[in-house]
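> Give the three-dimensional model of this entry:
(2 chains)
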Amino acid sequence: EVKLLESGGGLVQPGGSLNLSCAASGFDFSRYWMSWARQAPGKGQEWIGEINPGSSTINYTPSLKDKFIISRDNAKNTLYLQMSKVRSEDTALYYCARLNRYDVGYYAMDYWGQGTSVTVSS
Amino acid sequence: DIQMTQSPASLSVSVGETVTITCRASENIYSNLAWYQQKQGKSPQLLVYAATNLADGVPSRFSGSGSGTQYSLKINSLQSEDFGSYYCQHFWGTPFTFGSGTKLEIK
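Numbers count the residues shown, from 1 in each chain, chains lettered A, B, ... in the order given. A predicted model of the protein is given here:
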């Protein structure tokens, strides 16, 4: 059974930093692209970025590129999101998801974690 | 960046009715589109990938259609467990933006 378990959320002051983790199990983590998304309270989903299996390709949504860093440790089956220079608008539930490649090159985020909550406030 | 315009924002329907949710992309996304269902307090669940393909375990009352810039998710004979929010997401080049969502409520 595929499982994704985020952790590391909490309260952080504006301008501060926070590191999120996503522990994966039930599949060969080292073979899959992985992704982060977030959902602000009462709002829709926002895609944060993705990372390929070898960490050689990392893409971000442009507005977050200078604040967030995505990385992974395949030996630990863990995905990471380093958040810096956070602002109140970064308050959200942060999800990790597996990015699956289907036949003929189509993609979808087929498994999601339960999310970890980040609150930016003084 | 590709923008996804999803409509309607909300829909009030009764059990047994049929609903259609649409997403329009700002440019051709060549069927690189997924649909998700999200119930209150839960994480999103994949329903459809590649615009028309049902994910594993998704009931056949769900169907996806469309091409080019216009896509739809149709739910036939709504069941009580279908109420929640629905999102589209494109995968034609990063960033993989989501639509703004459709909240399906019980009438």
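
> near chain A, which residues of chain B?
Taking CB under 8 Å from any CB of the partner chain as the criterion, the neighbours of chain A within chain B are B:1, B:31-32, B:34, B:36, B:38, B:42-46, B:49-50, B:53, B:55, B:85, B:87, B:89, B:91, B:94-101. No exception for glycine: its C-beta is placed from N, CA and C like everyone else's.

> Out of those residues, list just those in strands.
Among these, DSSP state E puts B:34, B:36, B:38, B:45-46, B:49, B:53, B:85, B:87, B:89 in strands.

> Any chance of those residues in CSV with pLDDT, distance to B:Ser67 and neighbour count as columns?
Shown next, in CSV, are those (pLDDT from 0 to 100; distance: CB to CB, whole Å; neighbours: other CB atoms under 10 Å in any protein chain shown):
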residue, pLDDT, distance to B:Ser67, neighbour count
B:Ala34, 98, 15, 29
B:Tyr36, 98, 20, 28
B:Gln38, 98, 25, 19
B:Gln45, 98, 24, 17
B:Leu46, 98, 20, 23
B:Tyr49, 97, 15, 27
B:Asn53, 96, 14, 16
B:Ser85, 97, 25, 19
B:Tyr87, 98, 19, 25
B:Gln89, 98, 17, 25
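
> Next up, the contacts around A:Lys43.
For A:Lys43, the contact set (CB atoms under 8 Å, 6 or more residues apart in numbering or on different chains) comprises A:Ala92.

> hang on, it is in a helix, isn't it?
No - under DSSP: H, G, I helix; E, B strand; the rest coil, A:Lys43 sits outside any helix and is assigned coil.
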